[in-house]
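next one to model:
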Amino acid sequence: MTVTRRTVRQDAARTRWRDALRSIARVALVLTAAAAPTLAGSVLAARVVTLDAVPENANKPLGLLWQDTEEFAPARGETHAFRIALDEPALVDLDVVGPDGDAVRALRDGVSFEAGEHEIVWDGRDDEGALVPDEAYTPRLSIHADEVTTIDDPRGYSGGEIIPNIRWTRRAETEISYSLAVPARVLIRVGVEEGPMLRELMHWEPVAAGRAVVGWDGRDADGVDYFAGRDDLWTVVMAYRLPEFAVITSGNDTLDYRAYRARRGWTSELADLSATPLERRGMRLSPDYFLPRGYLPRVSLEFAEALEPSRFGPPIAGDELLLRVDVPDEDRWILDSSFYETGFYVDYAFRSEEEQGFVPMVWSLDTSSLEPGRHLATVQLFGFGGFIASDTVEFLVERAR
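Numbering: from 1, shown residues only. Below is the predicted model:
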């Protein structure tokens, strides 16, 4: 893979940038010889400094360097080279970190490098040799030299900046086209205006810069109803920036990110957003940037009692229809960690609401006012932490003649 190089031309420029970087570095921790842990084998760090952001394409003599590649496909044998710069010989740790902070691969661990620019290649596999799921991964660099450990972790000084006024268009009924100036995470929801959101086409998925097109079948998440042709169709397209130096992997169609983390035994921790600044260098930060990627409960709506089957498919409801709302056990931590409301809709019109309703729960629907024919019941969980989850069932109403 070809990587465009940018070099430091003069020793004087190196010195100026090194001094500037270290002057803006935040001293994160002072370690004494007695309390300091062993870093990179036998190296004891007397001081830890954390690098901050620098202008793009700057002659940076220390830390991660800008790269032109935003995405690669490990499943097709492609690799990605992280570029680093050292202003003196040092021991280097380079970890590849997933969106929830999990170190999926240690590419270098206390390896000696000379001063200068270097490339460290990643094949898109984790520390167990398995291809990682399609996601965005960020390098985390630690440099140990002269009793100082310098950390360059882009997640601490970049990522999460809200991208305002995303330009998007609807192409026909089932295609949405949008453009990004920078790599970002994208959320696309579709639903009914003044009614429920019925499907998330993308839930903060990483996308490279450029134009992208999302196609869908025009139906809700369960495939119950085709609603893309409605005049009151409601579409939401939002995005926030990925951390600097992040790279997106693609092409792994066999492994879901949530399933991958479960297989690895990694758990999710919810950040205290009340103590989290949602602004950086004059730009608003999305709260979703600080939430786990799996922060989206999967809700189900089912008939609580057996119904009479019909010749047309949907079951026949009586004058009272009991509907059971539930979420999988593995998603209950999401509801336990957030205030949420449970909303109920019939034929996409709001019917009732339960504030902080306990799940599982049973909703009793009086069908006596409904016209004979096919109807839809929808439940929507709206979390104040940002999630929206819904499920829909269909039923028939028949009246005695």
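
ok, D288 - contacts?
D288 sits next to 185, 187, 204, 240, 295, 386 when contact means Cβ atoms under 8 Å, 6 or more residues apart in numbering. Placement of C-beta: from N, CA and C, glycine included.

what's near enough to touch the nearest residue to the first one once chain neighbours are set aside?
In other words, R185. The shortest distance from R185 to any non-neighbouring residue, by Cβ to Cβ, 6 or more residues apart in numbering, is to W204 (4.3 Å). For W204, the contact set (Cβ under 8 Å, 6+ apart) comprises 185-187, 288, 293.

using CSV, write down the CA coordinates of the helix or strand W204 falls within.
Applying DSSP states H and E as the criterion places W204 in strand 197-207. The C-alpha trace of strand 197-207 is given here as CSV (Å, rounded to 0.1, in the frame of the first residue of the first chain):
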residue,chain,number,x,y,z
MET,A,197,-39.5,6.4,14.2
LEU,A,198,-39.8,3.0,12.6
ARG,A,199,-36.3,2.1,11.5
GLU,A,200,-32.7,3.0,11.9
LEU,A,201,-30.9,2.6,8.6
MET,A,202,-27.6,3.5,10.2
HIS,A,203,-26.8,3.7,13.9
TRP,A,204,-23.7,5.8,14.2
GLU,A,205,-21.9,3.7,11.6
PRO,A,206,-18.4,4.9,10.6
VAL,A,207,-18.3,6.3,7.0
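
out of the contacts of D288, list just those in strands.
Among those, DSSP state E puts 185, 187, 204, 240 in strands.

so how many other residues sit close to the last one?
Read it as Y240. For Y240, the neighbour count with other Cβ atoms under 10 Å is 22.

that one touches S158, doesn't it?
No - the pair Y240 and S158 fails to qualify as a contact (Cβ atoms under 8 Å) at a distance of 10.9 Å.

break the chain into its domains for me.
11-156, 168-266+279-290, 300-397 (automatic domain parsing).

a markdown table for those domains, including distance to L273?
Formatted as a markdown table, these follow (distance: least, Cβ to Cβ, whole Å):
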| stretch | distance to L273 |
| --- | --- |
| domain 11-156 | 16 |
| domain 168-266+279-290 | 5 |
| domain 300-397 | 8 |
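
identify the residue nearest G210 in space, chain neighbours excluded?
Using Cβ to Cβ, 6+ apart and skipping residues adjacent in sequence, the residue nearest G210 is L180, 6.5 Å away.

do you know how far that neighbour is from V236?
Note on L180: its distance to V236, by Cβ to Cβ, to the nearest Å, is 16 Å.

got it, and V48?
V48 is 42 Å from V236, where distance means Cβ to Cβ.

strands of the stretch 51-200 of the chain, start to end?
63-64, 71-72, 80-86, 90-97, 103-113, 116-122, 136-145, 148-152, 168-171, 175-180, 184-192, 197-207 (DSSP state E, counting those that start in this stretch).

re the thing from before, and which of the contacts of W204 is nearest to E88?
Distance to E88, by Cβ to Cβ, is smallest for R185 among the contacts of W204, at 36.4 Å.

I'd say that closest one and E135 touch.
No - R185 is beyond contact range of E135, at 10.1 Å (criterion: Cβ under 8 Å).

quick one, helices of the stretch 301-401 of the chain?
Applying DSSP state H, counting those that start in this stretch to the stretch 301-401 of the chain gives helices spanning 332-336.

show me where pLDDT drops low in it?
Along the stretch 301-401 of the chain, the parts satisfying pLDDT under 70 run over 356-357, 400-401.

now for this protein, the helix or strand with the poorest mean pLDDT.
Taking mean pLDDT, DSSP states H and E as the measure, the chain has strand 26-30 as its least confident helix or strand, at a mean of 34.

quick one: F290 from G386, how far?
Relative to G386, F290 is positioned 10 Å away (Cβ to Cβ).

what is the burial count for L62?
For L62, the neighbour count with other Cβ under 10 Å is 25.

equivalent analysis for I163, please.
Look at I163: counted by other Cβ under 10 Å, it has 17 neighbours.

OK, contacts around it?
I163 sits next to 180-182, 184, 239-241 when contact means Cβ under 8 Å, 6+ apart.
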